[in-house]
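*Asks:* pasting the sequence and the predicted model now:
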Amino acid sequence: MTTGKPSLRVGLIGYAFMGAAHSQAWRTAPHFFDLPLHPELAVLVGRTPDRVAEAAGRLGWAQTETDWHRLLERDDVDLVDVCTPGDTHAEIAIAALEAGKHVLCEKPLANTVAQAQAMTEAATRAAANGVRSMVGFTYRRVPAIGLARRLVAEGRLGDIRHVRAQYLQDWITDPQAPMSWRLEKDKAGSGALGDIGAHIVDLTQYITGQRITGVSGLLETFVEQRPLAASTGSLSGAAGEGVGQVTVDDAAVFLGRFTGGALAVFEATRFALGRKNAIRIEINGSAGSVAFDFEDMNVLHFFDGTEPAETAGFRRIVVTEPEHPYVAAWWPAGHGLGYEHGFTHQVVDLVTAIAKGDDPSPSFADGLQVQRVLDAVERSAADHSTWTEI
Ligand code: SOE
C-alpha cells in the first residue's frame, strides 16, 4: 500500500491471543485514522518455523524470524512489539531499546519490580535519543474510560472518596482446565493479580489521575494442581498427559488508599463463574459518581450530584457520539465498539507520539509504578501479622 507517508516498520514477537490482537490493531489503525506514519507489518517472530509462517500468513505479516535477536539486528525494523510471556519482557525490551527500536510491551511490564526498574531506566536512556516506549494497558483506550477520566478532570465528581474495582473472569474455575504459562510464576510473575489486577490498578489511577499509596491484600490459589495442556498458546485449550503445579494466585483482593485520600477496594479473580471479562469500576466523589462495566463497554453511568434530588439519578450515557474519545473515526452514533478497538487506539496514540517526538503514555515508568502496587499486595498477603483472627 503506498500512502506517501513515512513508514513505521513493525516487528511483533508472539502470535497467540495478544499477538493476534496487536496484529489486528496494526492492520486496522491506518484504515480508520489519519496517522502521521504508516505502520507496516514487517516481521513476525515465533520459535517454530512452520507455525510462525502460518500465523504470519493469517495475521498479515510480510516476513518471519524464529529468533528475536535477529529482529533487533535488522535495519528494516523501527519498532518492536513484545507480546511474549512476562519472563522475557525485560530482556527483549531493554535489548530492543538499546538497538534503537521503539518498544510497545504488553502488560504487566515485567515479572518483578527490579526488572521493571531496569526497563524504565533503559527507556529513559533511549528517550534521550528519540527512542520511545509504551506499556500496553489497552483498556485506557476504551471510549467510556476516556470519558470517565474527562469527567473527573473537569471536576464533575468533586473530591474522590471511593474507588471500587473488580476484574472478573472464570476460565479456570473447572479444576480440570489445563495448565498454561499464565499459571506458572516463573513465566507470568503472578496470577490473577498481575494478569488482570494490573489492569484495574492502572485504570483506576488513570481515571482519577491519582496514585495508590498503600495496600493490604489477600491472595488465594484454589486449585493447586492441574492437567498439563495438550498444546500451548490459547487461554483454555485441551488437557493432555500428566499434572502440573499451579504456582500463582487464582484470585486477589486488596484494599488501597489513593493520594487524594480515597479508600479503594479491588478484586481480581479467574474464579467468578459466569463472569467472562467483567471489568467493573465505580468511583464516588463529593459531587458525582461514575460506574463502568466492560461487559457493557459502550456505556458509562454518571450520577451528577449537583442536580435537583427530585430528578437526579444515574444517567446511562451511550459512549458512541463523535464527541467521545476515539469514536469519530468509527461508526455512526449507537453502533458501538468492541474489545479490539482498544488495541487499535493504542497503536494510534503510540504512532502519533512517535511522529511528534513525544513520550507516549502509559510509559514504562507508569508500568513500574503498577508493578510496585502488585509487589506491595504480594508482600502484604505474605505477611499475616495484620490479619485478625475471630
Ligand atoms: C487473560 O486473562 C487476558 O487475556 C489478559 O491477559 C488480558 O490482558 C485481558 O485483556 C484479557 O484477559
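*Replies:* Nice, I can see it. Numbers count the residues shown, from 1 in each chain.
*Asks:* contacts, neighbours, all on C-alpha from now
*Replies:* Noted.
*Asks:* quick check, central residue of the chain?
*Replies:* residue 137 (2.9 Å; Cα atoms, centre = their mean).
*Asks:* any idea how far that residue lies from residue 305?
*Replies:* Noted for residue 137: a distance of 31 Å to residue 305, by Cα to Cα, to the nearest Å.
*Asks:* can you check residue 36 too?
*Replies:* 42 Å.
*Asks:* again with residue 152
*Replies:* Using Cα to Cα, one gets 13 Å for the distance from residue 152 to residue 305.
*Asks:* neighbour count winner among these two?
*Replies:* When residue 152 and residue 305 are compared for neighbours, residue 152 comes out ahead with 21 against 18, by other Cα atoms under 10 Å.
*Asks:* the more buried one: what secondary structure?
*Replies:* Under DSSP: H, G, I helix; E, B strand; the rest coil, residue 152 falls in the helix class.
*Asks:* report pLDDT for the closest residue to it other than its chain neighbours.
*Replies:* Computed as Cα to Cα, 6 or more residues apart in numbering, the closest residue to residue 152 that is not its neighbour in sequence is residue 208, at 6.3 Å. Per-residue pLDDT puts residue 208 at 98.
*Asks:* burial count for residue 208?
*Replies:* Neighbour count of residue 208, defined by other Cα under 10 Å: 23.
*Asks:* now do the contacts for it.
*Replies:* With contact taken as Cα atoms under 8 Å, 6 or more residues apart in numbering, residue 208 is in contact with 149, 152-153, 160.
*Asks:* and residue 294, by the same measure?
*Replies:* 277-280.
*Asks:* and residue 252, that one's in a strand?
*Replies:* Yes. Secondary structure of residue 252 (three-state DSSP): part of a strand.
*Asks:* how about it: which residues does it bridge to?
*Replies:* Beta-bridge partners of residue 252, counted by DSSP bridges, are residue 219, residue 268.
*Asks:* and it, how close does it get to residue 178?
*Replies:* For residue 252, the distance to residue 178 equals 20 Å [Cα to Cα].
*Asks:* look at residue 28 and say how many residues are nearby.
*Replies:* 19.
*Asks:* would you point out the helix or strand in this protein whose mean pLDDT is lowest?
*Replies:* Taking mean pLDDT, DSSP states H and E as the measure, the chain has strand 239-245 as its least confident helix or strand, at a mean of 88.
*Asks:* residue 180 and residue 227 touch, don't they?
*Replies:* No. The criterion here is Cα atoms under 8 Å, and residue 180 misses it with residue 227 at 9.7 Å.
*Asks:* with neighbour numbers in mind, choose between these two.
*Replies:* A direct count of neighbours by other Cα under 10 Å for residue 180 and residue 227 places residue 180 higher, at 23 against 19.
*Asks:* show me what contacts the closest residue in space to residue 368 that isn't next to it in sequence?
*Replies:* Leaving aside its chain neighbours, residue 368 sits nearest to residue 116 (5.2 Å; criterion: Cα to Cα, 6+ apart). By Cα under 8 Å, 6+ apart, residue 116 lies in contact with 90, 109-110, 364, 367-368, 371.
*Asks:* okay, now the unreliable bits of the stretch 101-250 of the chain?
*Replies:* Where the stretch 101-250 of the chain drops to pLDDT under 70, the residues are 232-236.
*Asks:* tell me where it has strands.
*Replies:* With DSSP state E, counting those that start in this stretch, the ranges of strands along the stretch 101-250 of the chain come out as 102-106, 133-136, 160-168, 212-220, 225-229, 239-245.
*Asks:* nearest to residue 23, of those?
*Replies:* Comparison of the strands of the stretch 101-250 of the chain against residue 23 by Cα to Cα identifies strand 102-106 as nearest, at 12.5 Å.
*Asks:* what is the closest one packed up against?
*Replies:* strand 79-82, helix 89-98, strand 133-136 (3 or more Cα pairs under 8 Å, 6 or more residues apart in numbering; DSSP states H and E).
*Asks:* including mean neighbour count, could the ones you listed go into CSV?
*Replies:* Formatted as CSV, these follow (neighbours: other Cα atoms under 10 Å):
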stretch, mean neighbour count
strand 79-82, 27
helix 89-98, 21
strand 133-136, 28
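*Asks:* so which of those gets nearest residue 257?
*Replies:* strand 133-136 (23.8 Å).
*Asks:* any idea how far that closest one is from the middle of the chain?
*Replies:* 9 Å (Cα atoms, centre = their mean, to the nearest Å).
*Asks:* contacts only, for the closest residue to residue 48 other than its chain neighbours.
*Replies:* Nearest residue to residue 48, sequence neighbours excluded (Cα to Cα, 6+ apart): residue 66, at 6.5 Å. The contact partners of residue 66, by Cα under 8 Å, 6+ apart, come to 45-49, 52.
*Asks:* with respect to residue 326, which of these is nearest?
*Replies:* Nearest to residue 326 among those, with distances taken as Cα to Cα, is residue 45, at 30.0 Å.
*Asks:* against residue 79, how distant is that closest one?
*Replies:* For residue 45 relative to residue 79 (Cα to Cα), the value is 13 Å.
*Asks:* need the overlap of contacts for these two.
*Replies:* Residues touching both residue 45 and residue 79 by Cα under 8 Å, 6+ apart: residue 11.
*Asks:* hmm, residue 164 is touching residue 262, no?
*Replies:* No. Contact criterion Cα under 8 Å: residue 164 and residue 262 do not qualify, at 10.2 Å.
*Asks:* all helices of the stretch 1-150 of the chain, in order?
*Replies:* Here the stretch 1-150 of the chain has its helices, by DSSP state H, counting those that start in this stretch, at 17-32, 49-59, 68-73, 89-98, 113-127, 143-153.
*Asks:* for the third one, give me every contacting residue.
*Replies:* Spelled out, it's helix 68-73. Taking Cα under 8 Å, 6+ apart as the rule, helix 68-73 contacts 11, 13, 43, 45-46, 65, 77, 92, 95-96, 99, 101.
*Asks:* cheers, nothing more for now.
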